[in-house]
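# Sequence and predicted structure, then a few things I'm wondering about:
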Amino acid sequence: MSVFKYSKRDCVLTYLGLAFLLSDIGLDIWTAVSFYQEEEYLYLGILILFLVGSSVLGQAFSWLWYSYDNFERLTKVERCLSPRQLKVLHFLQLGTYFRHAGVVELTSCSCITKTRDPVDAAVFLTHDLSMLRLFEAFSESAPQLVLMLTIMLRQGQLDTLTVLKAIASASAIAFSVTVYHSSLRSFLPEKKKQRPISALIYFTWTLLLIASRLAAVALFASVLPCFIFTHFICSWLLLFFCAWRSKTELMDGPGGELLYQASVGLIWYFNWFTVVEGRTRYKLLFYHIFILLDMSLMCGLWCWRTHTRQPLPFKIPLFYACLTGVSVVGLYILGLILKIIYYKCYHPNLNKEDLKGDASSTTEKGGVFSARNLALEDSVPRFCDRSHVGEDLPDGAVAQADSKLYNKRMRKLAENFFS
């Protein structure tokens, strides 16, 4: 039988994520046009930098994963392109959209026609997409939200509707992290499946930590806009060094691993991300102490600047400025309390052998599979376990329903998170 189950909930999350992607593209275009019409060319340049940088990062990961998987594609949409055409599409910043199209193809088969064959393949592809969306959330959405909040603070546009929009944007980022966490959870045995209360607590503390962090960075940037870039570069270099020293092992090549470590440094600037196997209690403690001190310093500088220099177009009494700074830091502490509750009550600690996917199989670039039925090597994707594949599988076909197809990259991240 299939290793993974692609439920209706997974189908809804897939299409919801696709809807968020399309709406995000539309909002990006609308924001860029608005900046151009208002002749805010500096903000427009920064926005374009975020958009292009995030797109290049996502396309680079997508292309590397295709190359690690020896360009073996699981869907008809992907197979209609040659490796050379895929390379051109990724260069044109369009490669990841074919991944989305492939997921739509397989989820339609799984959820509408009730076909069992593409179940594992659909899960495999959604795992890659969940990682790509996570990178996009922290390389584009988070910096863009900081930019929007900074502009609102500097122009004095903090009304109720603006605050609600900011909360919705932060919730979308937290949703991307929650979907990624759901992908990790798919490797757990059935008896360890996540309960709704656990998912709610995970989303809530993620939202509190991310929203408070983004708010602190925006407050700092609103009064010291020139120093925020220095702050980011120095913090990112430190976090990148920590990721490099952690000796991560996710990618199949040294260049890809460095890119991954640089991306981890970027994610760590906004939120914690587990990258190595084993207990990370003390690393997590030092990280949150560092972020908490950094946020306290940024909020303190914001209070001082608004009281002494008045860099904003509106006057903020010292009491309300201090109350705002304390509230931002307090929200982060509340998020930490909920995170502790989650890890104490709802987080499963397992050995990697207990996770779905055969970690003891022979490892090759692009995936894991057993030594049996190697005669089918040309007809079955190399990133699946061949131990139960039938002998009559036609050329180019996806592994049958009883094949053990799973995402090696996501399984490695699941080992890091649950061990």
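Good, I have the coordinates.
# Quickly find the element holding the most centrally placed residue in the chain.
Closest to where the C-alpha atoms of the chain average out (Cα atoms, centre = their mean) is Leu134, at 1.1 Å. Leu134 is part of helix 119-136 when elements are defined by DSSP states H and E.
# I'd like to know the average pLDDT value across that helix.
Regarding helix 119-136, the rounded mean pLDDT is 82.
# So which bits of it are buried?
Of all the residues in helix 119-136, those buried under the rule 16 or more other Cβ atoms under 10 Å are 119-136. Heads up, the C-betas are built off the backbone N, CA and C, glycines and all.
# pretty sure Glu277 is touching Leu413, no?
No - taking contacts as Cβ atoms under 8 Å, Glu277 lies outside contact range of Leu413: 9.8 Å.
# who's more crowded, these two?
Remark: of Glu277 and Leu413, Leu413 carries more neighbours, 24 against 16, as counted by other Cβ atoms under 10 Å.
# quick one: buried residues of stretch 282-301?
Using 16+ other Cβ under 10 Å as the burial criterion, the residues of stretch 282-301 that qualify are Lys283, Tyr287, His288, Ile291, Leu292, Asp294, Met295, Ser296, Met298, Cys299, Leu301.
# For the second one, list the residues it contacts.
In this structure, Tyr287 makes contact with Trp268, Trp272, judged by Cβ atoms under 8 Å, 6 or more residues apart in numbering.
# likewise the fifth one?
Leu292 makes contacts with Val329, Tyr332, Ile333, as judged by Cβ under 8 Å, 6+ apart.
# what helices or strands is the lengthiest helix in the chain leaning on?
Ranked by residue count under DSSP state H, the longest helix found in the chain is helix 8-37. Applying 3 or more Cβ pairs under 8 Å, 6 or more residues apart in numbering; DSSP states H and E, we find helix 8-37 packed against helix 41-68, helix 95-111, helix 119-136, helix 142-155, helix 160-185.
# List every C-alpha atom in stretch 204-222, with coordinates, as PDB.
Provided in PDB are the C-alpha atoms of stretch 204-222 (Å, rounded to 0.1, in the frame of the first residue of the first chain):
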ATOM      1  CA  THR A 204      -0.600  30.800  17.300                       C
ATOM      2  CA  TRP A 205       3.000  30.800  18.700                       C
ATOM      3  CA  THR A 206       4.500  31.000  15.200                       C
ATOM      4  CA  LEU A 207       2.300  34.100  14.500                       C
ATOM      5  CA  LEU A 208       3.200  35.800  17.700                       C
ATOM      6  CA  LEU A 209       6.900  35.300  17.300                       C
ATOM      7  CA  ILE A 210       7.000  36.300  13.600                       C
ATOM      8  CA  ALA A 211       4.600  39.300  14.000                       C
ATOM      9  CA  SER A 212       6.400  40.700  17.000                       C
ATOM     10  CA  ARG A 213       9.800  40.300  15.300                       C
ATOM     11  CA  LEU A 214       8.600  42.000  12.200                       C
ATOM     12  CA  ALA A 215       7.000  44.800  14.200                       C
ATOM     13  CA  ALA A 216      10.300  45.400  16.100                       C
ATOM     14  CA  VAL A 217      12.300  45.600  12.900                       C
ATOM     15  CA  ALA A 218       9.700  48.000  11.400                       C
ATOM     16  CA  LEU A 219       9.800  50.300  14.400                       C
ATOM     17  CA  PHE A 220      13.600  50.400  14.200                       C
ATOM     18  CA  ALA A 221      13.600  51.000  10.500                       C
ATOM     19  CA  SER A 222      11.000  53.800  10.800                       C
END
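# any idea of the mean pLDDT in it?
In this model, stretch 204-222 carries a mean pLDDT of 94.
# buried set for it?
Neighbour count says stretch 204-222 has 204-222 buried, by 16+ other Cβ under 10 Å.
# Quick check, Tyr332 in contact with Ile210.
No - Tyr332 is beyond contact range of Ile210, at 9.6 Å (criterion: Cβ under 8 Å).
# quick one on the thing from earlier: what is the most widely separated pair among the buried residues of stretch 282-301?
Pairwise distances across these (Cβ to Cβ) peak at 27.1 Å, for the pair Lys283 and Leu301.
# circling back to that earlier point, please identify the most buried of the helices and strands packed on helix 8-37.
Among these, ranked by average contacts under mean count of other Cβ atoms under 10 Å, first place goes to helix 119-136 (a mean of 24).
# and the angle from that helix to helix 95-111?
The directions of helix 119-136 and helix 95-111 differ by 140 degrees, with axes from the mean of the first three to the mean of the last three Cα atoms, to 10 degrees as the criterion.
# Return the alpha-carbon coordinates of helix 119-136 using CSV.
C-alpha atoms of helix 119-136 as CSV (Å, rounded to 0.1, in the frame of the first residue of the first chain):
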residue,chain,number,x,y,z
VAL,A,119,-0.9,9.6,-3.9
ASP,A,120,2.8,9.3,-3.0
ALA,A,121,3.8,11.4,-6.0
ALA,A,122,1.4,14.2,-5.0
VAL,A,123,2.8,14.2,-1.4
PHE,A,124,6.4,14.1,-2.8
LEU,A,125,5.7,17.2,-4.9
THR,A,126,3.8,19.1,-2.2
HIS,A,127,6.7,18.6,0.2
ASP,A,128,9.1,20.4,-2.3
LEU,A,129,6.5,23.2,-2.7
SER,A,130,6.1,23.6,1.0
MET,A,131,9.9,24.2,1.3
LEU,A,132,9.8,26.6,-1.6
ARG,A,133,6.9,28.6,0.0
LEU,A,134,8.8,28.7,3.2
PHE,A,135,11.9,30.2,1.5
GLU,A,136,9.6,32.7,-0.3
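# elements contacting it?
In terms of contacts (3+ Cβ pairs under 8 Å, 6+ apart), helix 119-136 is packed against helix 8-37, helix 41-68, helix 95-111, helix 160-185, helix 254-270, strand 404-405, helix 408-418.
# again, only this time at 6 Å
helix 41-68, helix 95-111, helix 160-185 (3 or more Cβ pairs under 6 Å, 6 or more residues apart in numbering; DSSP states H and E).
# What helices and strands are in contact with the first one?
The reference is to helix 41-68. By 3+ Cβ pairs under 6 Å, 6+ apart, helix 41-68 packs against helix 8-37, helix 95-111, helix 119-136.
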